[in-house]
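Enquirer: How does the following fold in three dimensions:
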Amino acid sequence: MGMGTSNFVIRWINFLTMLLAIAVVIFGVWMSTHHDGCRKSLTLPVLGLGAFIFVMFIITNNGSGHNVSGLRYKEYQLKDYSSWFLKQLNNTANWKRLKSCLVKSEDCNNIAKQYKTLKQYKIAKLTPIEAGCCRPPSECGYPVVNASYYDLSFHPISSNKDCKLYKNTRAVKCYNCDSCKAGVAEYMKTEWRVVAIFNLALFVVLAKSYIMFAMAVDYILRGMLRKTECWSDEGVQSLKDY
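Expert: A predicted model of the protein is given here:
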């Protein structure tokens, strides 16, 4: 799947997710107008789910990456993401914990094992985290020696602060770079969107099962009530006859 096709699919997923969120909210409002206790009992959960998906869509809507000539993957910039992401990722305590996880995951070290030649590395399709945390931004212009080493003696051609923050050291790399934070934001955005869609599908299944069960119980109770009323009427008539 090419970059153009991939972007097209992502845009449609975003659009459909928004429509689903709106549909869920409308469905919740519709249920609140009915006197049926089974439907009304689901009003708040439905509205809550719709609001959750809609907010999730807004948070994860921005930031689609930038194409770079000669690369099969995109580079990401932190400024492209929502203010919520900026606040969370620029929080020193939050990023310290995230950075510790990134270093322990050894994703950057595995790149050198996976792409053993420079040719393999240059045509690799890196993940957002690998592209943002394991290497300096392309605009820095550092010559590539291999998948884990760049020639930092070359004077960067960009004023991007990430260029000076990158180090070849295993525990440093570009973990302090905005490009790394942007890569993490892209990863989180994708994961959360999948979770939101999964939750919606799960809710639809559970809601349908709940309504069917509640309607069955309601039918049984109504039947029992009719029988009770019938027995009462028969008893009253028997007393009158007596």
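Enquirer: Sketch out the low-pLDDT regions of the protein for me.
Expert: Along the chain, segments meeting pLDDT under 70 span 1-56, 58-64, 192-242.
Enquirer: That one: helices as residue ranges?
Expert: 3-32, 37-40, 43-61, 83-89, 92-105, 107-114, 118-122, 128-133, 162-165, 178-241 (DSSP state H).
Enquirer: Return the residues in contact with residue 95.
Expert: 89, 181 (Cβ atoms under 8 Å, 6 or more residues apart in numbering). For glycine as for every other residue, the C-beta is placed from the backbone atoms N, C-alpha and C.
Enquirer: Once you drop chain neighbours, what's closest to residue 167?
Expert: residue 173 (6.7 Å; Cβ to Cβ, 6 or more residues apart in numbering).
Enquirer: so that neighbour touches residue 133, yeah?
Expert: Yes - between residue 173 and residue 133 there is a contact under Cβ atoms under 8 Å: 6.1 Å.
Enquirer: These two - which one has more neighbours?
Expert: Between residue 173 and residue 133, counting by other Cβ atoms under 10 Å, residue 133 is the more crowded of the two (27 against 23).
Enquirer: Give the full set of residues in contact with the more buried one.
Expert: Per Cβ under 8 Å, 6+ apart, neighbours of residue 133: 102, 107-108, 173-175, 177, 179-180, 183-184.
Enquirer: change it to 10 Å
Expert: 99, 102-103, 105, 107-108, 126-127, 166, 173-177, 179-184 (Cβ atoms under 10 Å, 6 or more residues apart in numbering).
Enquirer: Check the gap between it and residue 83 for me.
Expert: 22 Å (Cβ to Cβ, to the nearest Å).
Enquirer: ditto for residue 148
Expert: Distance check for residue 148 against residue 83: by Cβ to Cβ, it reads 34 Å.
Enquirer: Mind checking which of the two has more residues around it?
Expert: residue 148 (18 against 9).
Enquirer: In this structure residue 85 contacts residue 185, no?
Expert: Yes - if you go by Cβ atoms under 10 Å, residue 85 and residue 185 touch, sitting 4.7 Å apart.
Enquirer: neighbour-wise, which of these two wins?
Expert: Shown here are residue 85 and residue 185; by other Cβ under 10 Å, residue 185 has more neighbours (27 against 22).
Enquirer: what are the phi and psi angles of the nearest residue to residue 123 once chain neighbours are set aside?
Expert: Distance criterion Cβ to Cβ, 6+ apart; nearest residue to residue 123, sequence neighbours excluded, is residue 72 at 6.2 Å. For residue 72, the backbone dihedrals (degrees, to the nearest 10) come out as phi -90, psi 0.
Enquirer: quick one: residue 72 and residue 178, what's the gap?
Expert: 22 Å.
Enquirer: Compare neighbour counts for those two and give me the winner.
Expert: residue 178 (21 against 13).
Enquirer: I'd assumed residue 75 was in contact with that one.
Expert: No - counting by Cβ under 10 Å, residue 178 stays clear of residue 75, with 11.1 Å between them.
Enquirer: circling back to that earlier point, please enumerate the shared neighbours of residue 173 and residue 133.
Expert: Looking at what touches both residue 173 and residue 133 (by Cβ under 10 Å, 6+ apart), the common residues are 102-103, 107-108, 166, 180.
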